[in-house]
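> This is the structure alone, sequence omitted:
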């Protein structure tokens, strides 16, 4: 039970990880039970940078995949893009085969990750609601109540993994990208298998299903506008890569940032100069840094990254079916940036559709069967690779010494970029759902989770470790003594 | 009977790699992540399976004195079926389809601290003579704890929820296999205690000993069932 003492109290929502990573929400109440402060803490070890130091630079694209068991391709390609520069090859200097193979790998990664998120995190919340029993509100509940949706989700993810397998050599932790290029092309057999799919489903079916998922979300939105539009909505800046012509591009481009009204903050700048534009604030209470745009300062320069930010930043989507959905998405906010956290799910599914379309267009491109795989140039001592990972912009920055060994590594993962927005989302729940209450219900806890879940924090990345996160709630009195504890 | 053994963990995080290390010891070398290796094909020549030399299990060798083994019995009796193994950083939804192809599945994972260990080592599992033997009689104290270095117990399918796609429990994989594919393999969980979690490869000395204990438990389990 919750202590009814009206003294100031601290509620701790603590997902305990198996290894060292902790995601923890602390909510401080005042003596009237109103929320005085909320914080999301994520323990981040900066150890991985040290892990790669001293290793030959060409090993980095393989080594960094150990950051994550869910999106290793993003780390693989971000590191490869940085190592391209160290090998003396610019991003637009790769052979067409190498660049398109990498793109195919990346969009396969995006496809499987977004499908997984929809099934694993979004659908349970949307179908069952925040007040549903956690015993039902999960992937098993989806399998029980909507078997077709669950089966489709598994097959969508499986398809994306097959694309990764064909391009990276393995479904997870592949070795396809190397400094200056790629180590294989796509055989005709591999191409045909992906076009037709492993029976009975091919790429056309995958695209159809992705589009139906967008329609499912839109239908849900129409029936649940208050929740979708109001939950954890707050204005923010948005940052992502875009193609030089303003198109959505998840693999390569220039850095663009807009404010909550759509005004440009970063106007298509070269990401290799990211240190000119992005700073990282250290706050004493958090292990994870808080990135910000230097031109706006620490207080106003924080930004969102990820699907919502990408659709707010780009001018258009260069595939027809996703573009049609994008137009509806942008029209909903009158062409202005969308600042509604749960619309992240909508944006994510539009990207799922876009990724399917890109995969198909690449599979039909004969460049993938050509044989120029690697290019070389004059070696340099430094490289910066940026990529739009499923959860947002991912920065990899390396320096190498005269022995070709990595002497410095700096990584800003998507979850770190979203640190402040996740804190804001949790604060919204604290202020709107928990404040003034004398009891923490299951539904309140669920809403805290939903707020965080929209961003799908990659705690494996942020903490550089794999972990397990059962939820615990601890209640402390004004003196800091534990007076109650809730666990799931 | 078809058995699947899954080692879970990150070999680049010291003792978090206990699950993959277990697979490596059984397979002879570490296979690529998620590459399924069949023990059946290696039964005759593999030192663990053929019980020719316990030193392959790690040190110290005297934890497996030759005289304690039945003279002609292999450490793992696979005459009644096959044992497939693979390792992975973390479980995910597609593993539900994989486990559905087997009659029983053993998930092997590192366990971190006393809190988690205490929760897992239920009184029932601590009692000697249980069908699912723990290593209580060969406990390896680590730090201030006297808990066993490894323990094997039954696993019941159970749904769980997370706020990140970066986690799916073994129990959830079993539950999803049941609901999505109508498959209900018998589930078991082998937890192995680790103490070091830094960014480096290789197990700590304590974890190495616990890995030996885990192998012993696993071998006993396969022999007895």
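Great, that's in hand. All values reported here derive from a predicted model rather than from experimental measurement. Numbering: from 1, shown residues only, chains lettered A, B, ... in the order given.

> Show the pLDDT at residue A:428.
Residue A:428 is assigned 93 on the pLDDT scale.

> Spit out the contact partners of it.
A:231, A:232, A:233, A:234, A:341, A:451 (Cβ atoms under 8 Å, 6 or more residues apart in numbering or on different chains). C-beta coordinates here come from the backbone N, C-alpha and C atoms, glycine included.

> Can you list the low-confidence ranges for chain B?
B:40-81, B:113-147, B:159-167, B:199, B:224-225 (pLDDT under 70).

> State which helix of it is the longest.
When chain B is parsed with DSSP state H, its longest helix is helix B:205-224.

> is it up against chain A anywhere?
No - using Cβ under 8 Å from any Cβ of the partner chain, we find that helix B:205-224 stays clear of chain A, coming within 13.3 Å at best.

> Sort out which residues of that helix are buried, please.
Buried residues in helix B:205-224, counted by 16 or more other Cβ atoms under 10 Å in any protein chain shown: B:206-222.

> Residue A:187 contacts residue A:370, doesn't it?
No - Residue A:187 lies out of contact with residue A:370 (Cβ atoms under 8 Å); the separation is 11.9 Å.

> Neighbour count: these two, which is higher?
A side-by-side neighbour count of residue A:187 and residue A:370, using other Cβ atoms under 10 Å in any protein chain shown, places residue A:370 first with 15 against 12.

> re the thing from before, can you lay out the contacts of residue A:428 as a markdown table showing secondary structure, pLDDT and neighbour count?
What follows is these, written out as a markdown table (DSSP: H, G, I helix; E, B strand; the rest coil; pLDDT from 0 to 100; neighbours: other Cβ atoms under 10 Å in any protein chain shown):
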| residue | secondary structure | pLDDT | neighbour count |
| --- | --- | --- | --- |
| A:231 | coil | 95 | 23 |
| A:232 | coil | 94 | 26 |
| A:233 | strand | 96 | 15 |
| A:234 | coil | 97 | 14 |
| A:341 | coil | 94 | 27 |
| A:451 | helix | 87 | 27 |
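
> and which of these is nearest chain B?
When these are compared for distance to chain B (Cβ to the nearest Cβ), residue A:451 wins out at 8.9 Å.

> Quick one: residues contacting the closest one.
Listed by Cβ under 8 Å, 6+ apart, the contact set of residue A:451 reads A:231, A:232, A:341, A:422, A:425, A:426, A:428, A:429.

> Mind doing that once more with 6 Å?
Taking Cβ atoms under 6 Å, 6 or more residues apart in numbering or on different chains as the criterion, residue A:451 is in contact with A:232, A:425, A:426, A:429.

> thought the first one was touching residue A:343?
No - Residue A:232 sits out of contact with residue A:343 when judged by Cβ atoms under 6 Å, with a separation of 10.3 Å.

> Common neighbours of the two, please.
Common contacts of residue A:232 and residue A:343 (Cβ under 6 Å, 6+ apart): none found.

> Strands along chain B, start to end?
For chain B, the strands defined by DSSP state E occupy B:2-8, B:37-38, B:82-88, B:104-111, B:150-155, B:186-193.

> scratch that, the stretch 351-488 of chain A
A:382-389, A:392-400, A:406-412, A:471-476, A:482-487 (DSSP state E, counting those that start in this stretch).

> circling back to that earlier point, show me what the longest helix of chain B is packed against.
Secondary-structure packing of helix B:205-224 (3 or more Cβ pairs under 6 Å, 6 or more residues apart in numbering or on different chains; DSSP states H and E): strand B:150-155, strand B:186-193.

> Next, the angle strand B:150-155 makes with that helix.
50 degrees (axes from the mean of the first three to the mean of the last three Cα atoms, to 10 degrees).

> just the angle between helix B:205-224 and strand B:104-111, please?
Helix B:205-224 and strand B:104-111 are oriented at 170 degrees to each other (the same axes, to 10 degrees).

> What residue in chain B comes nearest to chain A?
Nearest to chain A, among the residues of chain B, is residue B:89, at 3.1 Å (Cβ to the nearest Cβ).

> give me the number of residues near that residue?
There are 29 residues near residue B:89, going by other Cβ under 10 Å.

> Kindly report the same for the one 5 residues further on.
Other residues within reach of residue B:94, judged by other Cβ under 10 Å, total 18.

> Same question for residue A:244.
Taking other Cβ under 10 Å as the neighbour definition, residue A:244 ends up with a count of 11.

> Quick check on it: phi, psi?
Backbone dihedrals for residue A:244, given as degrees, to the nearest 10, come out at phi -60, psi -20.

> Distance check, the residue nearest to it when sequence neighbours are not counted against chain B.
Computed as Cβ to Cβ, 6 or more residues apart in numbering or on different chains, the closest residue to residue A:244 that is not its neighbour in sequence is residue A:254, at 6.0 Å. According to Cβ to the nearest Cβ, to the nearest Å, residue A:254 and chain B sit 29 Å apart.

> likewise residue A:417?
16 Å.

> ok, now residue A:223?
Distance of residue A:223 to chain B, given as Cβ to the nearest Cβ: 23 Å.

> Look up how far residue B:6 lies from that residue.
Counting by Cβ to Cβ, to the nearest Å, the gap from residue A:223 to residue B:6 is 40 Å.

> Next: residue A:179.
Plainly put, residue A:179 is 34 Å away from residue B:6 if you go by Cβ to Cβ.

> Kindly report the same for residue B:203.
To residue B:6, residue B:203 is 18 Å away according to Cβ to Cβ.

> got it, and residue A:94?
Distance, residue A:94 to residue B:6, using Cβ to Cβ: 37 Å.

> One more: residue A:311?
Residue A:311 is 38 Å from residue B:6, where distance means Cβ to Cβ.

> which outside residues touch stretch A:113-133?
With Cβ under 6 Å, 6+ apart as the criterion, stretch A:113-133 contacts A:71, A:136-139, A:141-142, A:153, A:156-157, A:220, A:345, A:348, A:351-352, A:390, A:443, A:446-447, A:450, A:453, A:456, B:165.

> and with 7 Å instead?
With contact meaning Cβ atoms under 7 Å, 6 or more residues apart in numbering or on different chains, stretch A:113-133 is reached by A:70-71, A:136-139, A:141-142, A:145-146, A:149-150, A:153, A:156-157, A:160, A:213, A:220, A:345, A:348-349, A:351-352, A:355, A:390, A:443, A:446-447, A:450, A:453, A:456, B:93, B:161, B:165.

> any idea how far it is from the chain center?
16 Å (Cα atoms, centre = their mean, to the nearest Å).

> now do the same end-to-end measure for it.
Length of stretch A:113-133, first residue to last, Cα to Cα, to the nearest Å: 26 Å.

> before we move on, what about stretch A:265-283?
Counting by Cα to Cα, you get 24 Å between the two ends of stretch A:265-283.
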